[in-house]
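Enquirer: show me how the following folds:
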Amino acid sequence: MAFAWHTDTLVRLRAPLVTNAYGDAERDWGAATRTDLTGWRVQPMQGSRVNVADTLPRDGLDMRRRAFGPAGADIETTDRIEWDGVTWVIEGDVDQWRSPTGALAHTELVLARMEG
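Expert: So this is what the prediction gives:
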């Protein structure tokens, strides 16, 4: 379900798996595909999963966001997200929430600012 206030666009970065010199699988972020995802709402994250200091709008402390988007959005936990000029990683699961009727209602992500 799309809401009029879901006006944010996320850019999904999906990198292919490659084999490194040691024979291990890793993501090749230089070859990642970019896909615009519309109909999202990104908000500061408050509550029990972050410290109070993490919700203050100061550089270095403002590290997590919660994103709400369309049901069934094509996002995997290994994807990265670009939003507001910053690259974010998905922290935890990509949650698909159901309405009281049992139909998929929306997708929810926790985004953590990527460092380094």
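Enquirer: going forward, measure contacts and count neighbours with C-alpha atoms only.
Expert: Fine.
Enquirer: how many residues are close by the closest residue to residue 99 other than its chain neighbours?
Expert: In space, and not counting its chain neighbours, residue 99 is closest to residue 105: 5.2 Å by C-alpha to C-alpha, 6 or more residues apart in numbering. Counted with other C-alpha atoms under 10 Å, the neighbours of residue 105 add up to 17.
Enquirer: do the same with the one 4 residues further on
Expert: Residue 109 has 21 neighbouring residues, counting by other C-alpha under 10 Å.
Enquirer: tell me who's in contact with it.
Expert: Neighbour list for residue 109: 66-68, 90-95 [criterion: C-alpha atoms under 8 Å, 6 or more residues apart in numbering].
Enquirer: starting from the lowest-mean-pLDDT helix or strand in the chain, tell me which strands it pairs with and how they run.
Expert: Averaged element by element with mean pLDDT, DSSP states H and E, the chain has its least confident helix or strand at strand 95-98 (a mean of 82). Sheet pairing of strand 95-98 (DSSP bridges) gives strand 104-113 (antiparallel).
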